[in-house]
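K.L.:
need the 3D shape of this:
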Amino acid sequence: MPLAVGDYTDCKMVTKCKIKTPKSAKRSLVQGTPSKVGGDRYIPTRNAVQMDVAHFLIAKNNDQENESPTKKEHQKSWSLNLNGYDIEQTKILRLSGKPLCAPEGYQNNLKVLYSQSTTPGSTKKPSRYIPTMPERILDAPEIRNDYYLNLIDWSSLNYLAVGLGNNVYLWHAESGDILPLVQLEGQEDYIASVSWIKEGNYLAVGTRNGEVQVWDVERQKRLRNMVSHTARVGALSWSSYILSSGCRVGQIHHHDVRIARHHVATLNGHSQEVCGLKWSPDGRYLASGGNDNVLNIWPSLTGNDAELQPLHTFTQHQGAVKAVAWCPWQANILASGGGTSDRFIRLWNANSGSCLNAMDTRSQVCAIVWSTEYKEIVSGHGFSQNQLVIWKYPNLTKVAELKGHQARVLDLTLSPDGTAVCSVAADETIRIWKCFAVDAAKKKKAATNQTSVLHHGIR
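P.N.:
You can find the predicted model right below:
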């Protein structure tokens, strides 16, 4: 019978009926907001924040499952069985934290170099040991404290010649014997310069009275007494049988020691005293420095030398140019140093006439010598530290300083084997510095290689 509207009994029966709600609708009521009320189901809506939270929860659950201890142990056992090592312990690239150290004895099968220490190619080679103390110290009483004189020279026969007052003494570096060679007779005369010929058996001596003497060391006898200058001869240099001498009035004379009329040419390129004079190793150029702050480079003798002119004249130095020295392995490179008003060391190319480099040493440059074993030069200085400085060629970076003299360094000379530098100073001492020592094994190997080359060439 159909129910009538307002029938209380029937309506009460209807309200007691249970209507089952779908599970999806219940979940929607909890997690979302119903979009529509009514009907038999609910359609939920989610905003962006809720989607991000849900994604985070799902990813977190997955990570926890993947990092389970059981799975890690399986991966470790597989890595040990397949590779022989745990791959987790040998990772080089990591997203966070510092890379782990390789296990002791580990070697990558892919030949990848892995080490926390620097590789051999990037390791800086240690510099050689340079003693800062002299190997020997000799007395030089009555050494003349004159910047413009050249009073020591070391021969190829290992004799060191020293001009002291009006005497010249020879010191044999190997035996230590001292031999008096020259004694000037004049009371006011004194030794102004000494220079050995390349073979080492003849010594040239310049005096205050303008004489140039040539002595035979073996026989201890004077061979020549050449008079052509009118003032003291403070600089000498040999080129085969030609002996060049520079004097106080600025002239340079060439002497042919083989003939009676020894004076064969005169060079007029300085207005004041010539204090630096050196022939290049190949005999092509003569470098002369003067108290007029001028550095000249002259050509070799050609036969018609009545009016020789300098190839190059350099005026960059602002002080007297006494320190001049030619490179032993590159005969066209010249080093020069200026006096107190200048203090610069300059490198020159004699072929082009260009200045290759310049360095302010901040003290008077008294002398320069080149090393024959290393690409380095040594300079002797005056005020204020009176030191020797070793410079790298060609950038002129400082390698070492050798200190010990109590007054300015007057002159430098190199030992015949190229391992030691001799300095004489106004403190009346001569010091031998072993600053170019060569590794004996390396030198022996080089000599062996050279011998084998010659042997193959002869065959």
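K.L.:
residue contacts, Asp153?
P.N.:
Contact analysis of Asp153 by Cβ atoms under 8 Å, 6 or more residues apart in numbering lists 160-161, 194-196, 203, 413. In short, each C-beta sits where N, CA and C put it, glycine included.
K.L.:
would TSV of the residues you listed with distance to Ser237 and neighbour count be doable?
P.N.:
Listed next are those as TSV, based on distance: Cβ to Cβ, whole Å; neighbours: other Cβ atoms under 10 Å:
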residue	distance to Ser237	neighbour count
Leu160	18	23
Ala161	14	26
Val194	11	27
Ser195	6	23
Trp196	10	23
Leu203	13	25
Thr413	13	23
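K.L.:
of the residues you listed, which is the nearest to Gln318?
P.N.:
Thr413 (26.4 Å; Cβ to Cβ).
K.L.:
so the closest one is in which element?
P.N.:
strand 409-414 (DSSP states H and E).
K.L.:
let's see that strand as PDB, backbone CA atoms only.
P.N.:
What follows is strand 409-414 as a C-alpha-only set of coordinates in PDB (Å, rounded to 0.1, in the frame of the first residue of the first chain):
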ATOM      1  CA  VAL A 409     132.800  43.400  -3.700                       C
ATOM      2  CA  LEU A 410     135.500  44.700  -6.100                       C
ATOM      3  CA  ASP A 411     135.700  41.900  -8.700                       C
ATOM      4  CA  LEU A 412     134.500  38.400  -9.500                       C
ATOM      5  CA  THR A 413     136.000  35.500 -11.500                       C
ATOM      6  CA  LEU A 414     134.900  31.900 -12.300                       C
END
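K.L.:
that one - what's its average pLDDT?
P.N.:
For strand 409-414, mean pLDDT rounds to 98.
K.L.:
other SSEs contacting it?
P.N.:
Applying 3 or more Cβ pairs under 8 Å, 6 or more residues apart in numbering; DSSP states H and E, one finds that strand 409-414 contacts strand 152-154, strand 365-370, strand 376-381, strand 421-425.
K.L.:
and the angle from it to strand 421-425?
P.N.:
160 degrees (axes from the mean of the first three to the mean of the last three Cα atoms, to 10 degrees).
K.L.:
partner strands of strand 409-414, with direction?
P.N.:
Its sheet considered, strand 409-414 pairs with strand 421-425 (antiparallel) by DSSP bridges.
K.L.:
and Ile58, that one's in a helix?
P.N.:
Yes. Secondary structure of Ile58 (DSSP: H, G, I helix; E, B strand; the rest coil): part of a helix.
K.L.:
quick one: pLDDT of it?
P.N.:
So, for Ile58, pLDDT stands at 73.
K.L.:
could you do the one 4 residues further on as well?
P.N.:
You'll see Asn62 listed with a pLDDT of 62.
K.L.:
could you shift the numbering so residue one becomes 24, and keep it that way?
P.N.:
New numbering, starting at 24: the last item is Asn85.
K.L.:
which element is Ala215 on?
P.N.:
strand 214-219.
K.L.:
for that strand, packing partners?
P.N.:
strand 175-177, strand 182-187, strand 190-195, strand 225-230, strand 256-262.
K.L.:
and Ile201, which of those is closest to it?
P.N.:
Closest among these, using Cβ to Cβ: strand 190-195, at 5.3 Å.
K.L.:
related to what we said a few turns ago, dump the helices and strands packed on strand 214-219 into a markdown table; add distance to His428 and mean pLDDT as well.
P.N.:
Below are the helices and strands packed on strand 214-219 laid out as a markdown table (distance: least, Cβ to Cβ, whole Å; pLDDT from 0 to 100):
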| stretch | distance to His428 | mean pLDDT |
| --- | --- | --- |
| strand 175-177 | 14 | 98 |
| strand 182-187 | 15 | 98 |
| strand 190-195 | 18 | 97 |
| strand 225-230 | 24 | 98 |
| strand 256-262 | 21 | 98 |
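K.L.:
any chance of these in a markdown table, plus distance to His404?
P.N.:
Listed next are these as a markdown table, based on distance: least, Cβ to Cβ, whole Å:
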| stretch | distance to His404 |
| --- | --- |
| strand 175-177 | 16 |
| strand 182-187 | 20 |
| strand 190-195 | 24 |
| strand 225-230 | 24 |
| strand 256-262 | 19 |
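K.L.:
for Leu300, find the nearest of those.
P.N.:
strand 256-262 (3.7 Å).
K.L.:
I'd say Val217 and Thr230 touch.
P.N.:
No. Judged on Cβ atoms under 8 Å, Val217 makes no contact with Thr230 at a distance of 10.5 Å.
K.L.:
for Ile455, what are its contacts?
P.N.:
157-161, 196, 438, 443-445.
K.L.:
what sits up against whichever strand or helix holds Thr289?
P.N.:
Secondary structure from DSSP H and E places Thr289 in strand 286-291. Strand 286-291 has contacts (Cβ under 8 Å, 6+ apart) with 249, 251, 265, 273-279, 309, 311, 319, 321, 324, 328-329, 331, 333.
K.L.:
still on that earlier bit, how about the strand holding Ala215 as PDB, C-alpha atoms only?
P.N.:
Below are the C-alpha coordinates for strand 214-219, written out as PDB (Å, rounded to 0.1, in the frame of the first residue of the first chain):
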ATOM      1  CA  ILE A 214     148.800  46.900 -10.300                       C
ATOM      2  CA  ALA A 215     145.600  48.100 -12.000                       C
ATOM      3  CA  SER A 216     144.400  45.000 -13.900                       C
ATOM      4  CA  VAL A 217     145.300  41.300 -14.600                       C
ATOM      5  CA  SER A 218     144.000  39.000 -17.400                       C
ATOM      6  CA  TRP A 219     144.900  35.400 -18.400                       C
END
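K.L.:
shaky segments in the protein?
P.N.:
24-73, 83-95, 102-149, 326-330, 462-482 (pLDDT under 70).
K.L.:
name the residue closest to the centre of it, please.
P.N.:
Residue closest to the average C-alpha location in the chain (Cα atoms, centre = their mean): Lys415, at 4.2 Å.
K.L.:
correct me, but that one touches Met382?
P.N.:
No. If you go by Cβ under 8 Å, Lys415 and Met382 don't touch, sitting 10.6 Å apart.
K.L.:
give the buried residues for whatever helix or strand Leu370 lives in.
P.N.:
Assigned by DSSP H and E, Leu370 belongs to strand 367-372. Using 16 or more other Cβ atoms under 10 Å as the test for burial, strand 367-372 gives 367-371.
K.L.:
what's the spacing between the following helix or strand past it and its chain's center?
P.N.:
Remark: after strand 367-372, the chain's next helix or strand is strand 377-383, criterion DSSP H and E. Remark: strand 377-383 is offset 16 Å from the chain centroid, using Cα atoms, centre = their mean, to the nearest Å.
K.L.:
contact partners for the closest residue to Asp169 other than its chain neighbours?
P.N.:
Among residues not flanking Asp169 along the chain, Leu433 sits closest, at 7.6 Å (Cβ to Cβ, 6 or more residues apart in numbering). Contacts for Leu433 (Cβ under 8 Å, 6+ apart) come out as 166, 168-170, 172, 174, 389-390, 403, 447-449.
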